[in-house]
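Novice: next input, structure requested:
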Amino acid sequence: MLLNDEPPAAGFDQPFALLLGCHGRIERMDRLLVRLLAHVRQRGCNAEARQAASKVLRYFDIAAPLHHEDEELHVFPLLRERGGTGFVELLDGLEADHRELATLWQTLRPWLEQAEAGTATAADPAVADAATRFGALHATHIALENTRIFPAAEAIADADWRIAMGRDMAARRGVAWTPDAG
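Specialist: Numbering: from 1, shown residues only. Next up is the predicted model:
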């Protein structure tokens, strides 16, 4: 089966938990993309493949860019300002990863649109390679953020900063949220 149920996300009152939850969804979408490539190659572009392609497209077109914005607007600046010089090179690398992921996405997206439309054939080597690189880059990127970046930022973020971040995250997603709303 290509599609799986997702666990519920944390709320905007827990911005770091929300970011970690996004990482879990990114990893699931990367695995779904790999399964989709194999599925189309072996079984063709059936209804299940079209639904999986739609899910991957929606996630990486909408949710993933918002996640990168969350990091670049809130987490990275906090660490640049208050985290010490040891973070500068790491953060520069993570921002470069975001740009590379966006480039890889532009290679993957047309094939996924074809899969969503039911017209895709087995992915050519460039698309398959982009999918491999996309997943591998996400894996190293997420590992660094989960083990070094988020813990460091969370340790220096006060309650007002967290509320402001949660409020901004909700607003950019078109969600009305106040800390009392949960």
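
Novice: okay, buried residues for the helix or strand encompassing L19 please.
Specialist: For L19, the element it lies in under DSSP states H and E is helix 15-43. Neighbour-count burial for helix 15-43 flags 15-16, 18-23, 25-26, 28-30, 32-33, 35-37, 39-40 (criterion: 16 or more other Cβ atoms under 10 Å). C-beta: built from backbone N, CA, C; applies to glycine.

Novice: the residue nearest the centre of the chain - nearest residue in space that isn't next to it in sequence?
Specialist: Geometric centre of the chain, nearest residue: A64, 3.6 Å, by Cα atoms, centre = their mean. Counting by Cβ to Cβ, 6 or more residues apart in numbering, A64 lies nearest to I26, which is 6.3 Å off, once chain neighbours are set aside.

Novice: just the pLDDT for the one you found.
Specialist: On the pLDDT scale, I26 is placed at 97.

Novice: do the same with the one 3 residues further on
Specialist: According to the per-residue confidence, M29 scores 98 in pLDDT.

Novice: which non-adjacent residue is nearest it?
Specialist: Per Cβ to Cβ, 6+ apart, closest to M29 is Y59, 4.7 Å.

Novice: check the secondary structure at T121 for me.
Specialist: Look at T121: counting by DSSP: H, G, I helix; E, B strand; the rest coil, its state is coil.

Novice: one step back: ok now the helix holding L19, how far from the chain's centre?
Specialist: 9 Å (Cα atoms, centre = their mean, to the nearest Å).

Novice: and what of stretch 57-77?
Specialist: 7 Å.

Novice: list the buried residues for it?
Specialist: Using 16+ other Cβ under 10 Å as the test for burial, stretch 57-77 gives 57, 59-60, 63-64, 67-68, 70-71, 74-76.

Novice: just these now: which is nearest C45?
Specialist: L57 (13.9 Å; Cβ to Cβ).

Novice: residues contacting the closest one?
Specialist: 109, 112-113, 116 (Cβ atoms under 8 Å, 6 or more residues apart in numbering).

Novice: look up how far E113 lies from it.
Specialist: As judged by Cβ to Cβ, to the nearest Å, L57 and E113 stand 7 Å apart.

Novice: thought the residue nearest to A64 was touching I142?
Specialist: Yes: using Cβ atoms under 8 Å, I26 is in contact with I142, at 6.7 Å.

Novice: quick one on the thing from earlier: elements contacting the helix holding L19?
Specialist: Helix 15-43 sits against helix 47-58, helix 64-70, helix 88-117, helix 125-144, helix 150-156, helix 159-172, with contacts defined as 3 or more Cβ pairs under 8 Å, 6 or more residues apart in numbering; DSSP states H and E.
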